[in-house]
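Q: Sequence first, predicted coordinates after that:
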Amino acid sequence: MGHPDNTYALVADIGGTNTRVALAHGRQIVDGTIKRYSNADFHGLEAVLQTYIADQGGVDPMAACVAVAGPVHDGTATMTNLDWTIDKDTLYRATKAEKVAILNDLQAQGHALGYIDPGNIRNILAGPEPAPNAARLVVGVGTGFNAAPVFDLAAGRVVPPSECGHANLPIRNEMELRLCQFVSTAHGFPAVEDVLSGRGLERAYAFLGQEAGDPRERSSQDIVAACNDGSDERSVAAARLFTRILGTVCGNLSLIQLPFGGVSLVGGMARAMAPHLIEFGFGDAFRDKGRFAGFMSNFSVDVIEDDYAALTGSAAHLAAMTDG
Ligand SMILES: Nc1ncnc2c1ncn2[C@@H]1O[C@H](COP(=O)(O)OP(=O)(O)OP(=O)(O)O)[C@@H](O)[C@H]1O
């Protein structure tokens, strides 16, 4: 069935592997309109959006917003592993919408806060009741790593982008130093997302294999599955290493941004690791800040278990643009 009127907005989330597209009405994703496409099947943004529009019976959206897993500069997004042109002109052409926006995907995740079904939010670390409009922080761990602070101001919500997954990997002990050396030997530079990502968990596993003189490889799915059923000690050790570094990095970002409104972890790896984060030392590493250890209990930490939150955030961003 089509959607012939143009009160709809089109929203898309372009990840490293897949593009998710949906229609939104105000801040609500319209039930049954979410589709997921493999990027490899399309030669560009126009092709995937036009396929979606045709799938929806030729919908004529009044506005469109895409969230992209890469830096956005002067209205143009770039992605390391995808050579699509993602800019406003292409988005206007593909959708014929009157208003278009391009966000970094973590910005979109920030715009989604407050519009996520509470049933999709899992608490990891409790914190005090936040003041209204306290600053928040979203941290994404999936194909890559990134974060964005979220500020609710009188003029509206502001979510400044970052590329903090490409900052140096922090080190707290001998083993993390050896992991860092293992990563830099392979990549020339030890970035946060070289460990805090799906591939990163696989790297932590490979590093432990090298240390044990038994180099075996495992996919991140198999490592997480082995943690879930306790069938492989090295998988548990790799996930513990990953989890502690995630706690350290989230603690560092919290000291930089002071998210008294809470930290929200998003992305496929955050969801997959959510049941193990406390057991594997996330809280201890998060609080491991010397004289500021007690101060860290000001920040609650949740995992958002909604794979489509970036779509909701893109819709919220367009609605805020329209409202004001
Ligand atoms: N259940 C899981 N167990 C282990 N690893 C997982 C699981 N789900 C996702 N991952 C890993 O997380 C990464 C994908 O994360 P996410 O789903 O957030 O994707 P993305 O960054 O939005 O990109 P895309 O949508 O293109 O995959 C991959 O490295 C994948 O192997």
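A: Yes, it's here.
Q: quick one: stretch 60-77 near the ligand?
A: Yes - judged by Cβ under 6 Å from any ligand atom, stretch 60-77 comes into contact with the ligand through residue 69. All C-beta spots, glycine's among them, are computed from the backbone N, C-alpha and C.
Q: That stretch: end-to-end distance?
A: When the termini of stretch 60-77 are compared using Cα to Cα, to the nearest Å, they are 24 Å apart.
Q: What residues sit buried inside it?
A: Judged by neighbour count using 16 or more other Cβ atoms under 10 Å, the buried positions of stretch 60-77 are 60-72, 77.
Q: That stretch: how far from the chain's middle?
A: The chain centre lies 16 Å from the centre of stretch 60-77; the measure is Cα atoms, centre = their mean, to the nearest Å.
Q: Throw the buried residues of stretch 60-77 into JSON lines and include secondary structure, pLDDT and distance to residue 302, thanks.
A: JSON lines is the format used below for the buried residues of stretch 60-77 (DSSP: H, G, I helix; E, B strand; the rest coil; pLDDT from 0 to 100; distance: Cβ to Cβ, whole Å):
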{"residue": "60", "secondary structure": "coil", "pLDDT": "93", "distance to residue 302": "37"}
{"residue": "61", "secondary structure": "coil", "pLDDT": "96", "distance to residue 302": "31"}
{"residue": "62", "secondary structure": "coil", "pLDDT": "95", "distance to residue 302": "33"}
{"residue": "63", "secondary structure": "strand", "pLDDT": "97", "distance to residue 302": "29"}
{"residue": "64", "secondary structure": "strand", "pLDDT": "97", "distance to residue 302": "29"}
{"residue": "65", "secondary structure": "strand", "pLDDT": "98", "distance to residue 302": "24"}
{"residue": "66", "secondary structure": "strand", "pLDDT": "98", "distance to residue 302": "26"}
{"residue": "67", "secondary structure": "strand", "pLDDT": "97", "distance to residue 302": "20"}
{"residue": "68", "secondary structure": "strand", "pLDDT": "96", "distance to residue 302": "24"}
{"residue": "69", "secondary structure": "coil", "pLDDT": "94", "distance to residue 302": "21"}
{"residue": "70", "secondary structure": "coil", "pLDDT": "93", "distance to residue 302": "25"}
{"residue": "71", "secondary structure": "coil", "pLDDT": "95", "distance to residue 302": "26"}
{"residue": "72", "secondary structure": "strand", "pLDDT": "96", "distance to residue 302": "26"}
{"residue": "77", "secondary structure": "strand", "pLDDT": "96", "distance to residue 302": "27"}
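Q: Which one of those is nearest to the ligand?
A: The closest of these to the ligand turns out to be residue 69 (Cβ to the nearest ligand atom; 5.4 Å).
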